[in-house]
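Enquirer: my questions concern the predicted model and sequence given below.
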Amino acid sequence: MSHQIAAFGEILWDMLPAGKQLGGAPGNFAYHSHVLGSDVMVISQVGNDSLGREITAELARHQIPTDFIGIDLERPTGTVEVELDRMGHPAYQIVEDVAWDGIKPSRAALLYATGIDAICFGSLAMRGEENRVAFASLINGVPHDALRVLDLNLREPFYTDGTLRSLLSVCNVLKLNDDELITLAGFLNKEFRTETFFGEGAAGTVVLSSGARAFIDSLIDFYSLKYCILTCGAKGSFLLNEGGVISQLESVPVKAASTVGAGDAFTAVCVDGFLKEDDPVEIHRRAVRYAAYVCTQPGAMPPVTPEQLNEWGFKNR
């Protein structure tokens, strides 16, 4: 059975050294969720310009509906200047006051949200009051038992203590990376010595300190999280719940072309598995393999074949 998934937030063009690529975490997440067989809707906004028309055309090419993507008659389509270091890690310069800063969910979008199985959202899209109000109207209608996935996606200076606490209060799945874990700890509980959150294990893998475990446990307990997904780049990743660490895996070593979108793919695989109530360790293995492939590609939405999915452990896709 296909699941109904929504993604709220920024849809934009990543201006990469090799040319522009369709991006924005919600759009990337929606693409990979679609590849895995879910019905997805992106709730966002583009400008009334050529870049906006190209976005809707590109999403249509990927067979992702654009019904809930509004058109802003005044602000331009969003863009991000992306520079990659020699390891393929991105640095972002995010243009402000663009179309996705004023998302206005339609009545149809609000109605759709009342029947979804999962929604994914992040902190970047909440940098302005317009979107914070729009998101509140949307999330209030989402079923109580749906997955509410906060992909933290911290981008300075576009977040505040209040925004982070507000988003945490409405999510039940939290996805973040190692840098974001340290930043979040500094915001929410300054008594932890966050510089000692991570140690190095065998073969350069990451080991969580007792302080890191205590902080994550406190997040899971206080916000009633079903899962916490922690990625640490090339050093591995963790899947945790109220019982502690469910799974810790090393990353698949690859020659990275770009890591843009790999985290969004990782999240999409986890959400797909959670909705299907698959074994968490197997979900984690699939996420690691899928994300490793995305790292080898120049864009965040590379083609994925049924044969690849079968090789990575997905069945009947």
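Expert: Arrived safely. Numbers count the residues shown, from 1 in each chain.
Enquirer: I'd say Ala6 and Ile43 touch.
Expert: Yes - in this structure, Ala6 is within contact of Ile43 by CB atoms under 8 Å, at 6.0 Å. Glycine gets a C-beta too; all of them are placed from N, C-alpha and C.
Enquirer: got any residues that touch both of the two?
Expert: Common neighbours of Ala6 and Ile43, using CB atoms under 8 Å, 6 or more residues apart in numbering, are Ala109.
Enquirer: pLDDT wise, what is the closest residue to Lys20 other than its chain neighbours at?
Expert: Closest residue in space to Lys20, ignoring its immediate chain neighbours: Trp13 at 4.5 Å, by CB to CB, 6 or more residues apart in numbering. Looking at Trp13, its pLDDT stands at 93.
Enquirer: wait, a strand at Trp13?
Expert: Yes - under DSSP: H, G, I helix; E, B strand; the rest coil, Trp13 falls within a strand.
Enquirer: just checking, it touches Gln21?
Expert: Yes - with contact defined as CB under 8 Å, Trp13 counts as touching Gln21 (7.1 Å).
Enquirer: how much space between Gly162 and Val170?
Expert: The spacing between Gly162 and Val170, counted by CB to CB, to the nearest Å, is 13 Å.
Enquirer: of the two, which one has the most company?
Expert: A side-by-side neighbour count of Gly162 and Val170, using other CB atoms under 10 Å, places Val170 first with 16 against 11.
Enquirer: by average pLDDT, which secondary structure element in this protein comes out worst?
Expert: Every helix and strand of the chain was ranked by mean pLDDT, DSSP states H and E. The lowest is strand 90-94, at a mean of 82.
Enquirer: whatever helix or strand comes next after that strand: which residues count as buried?
Expert: Toward the C-terminus, strand 90-94 is succeeded by helix 107-113 as the next helix or strand (DSSP states H and E). Neighbour-count burial for helix 107-113 flags 109-110, 112-113 (criterion: 16 or more other CB atoms under 10 Å).
Enquirer: sorry, back to before: how many other residues sit next to the residue nearest to Lys20?
Expert: 24.
Enquirer: sweet, I'm off.
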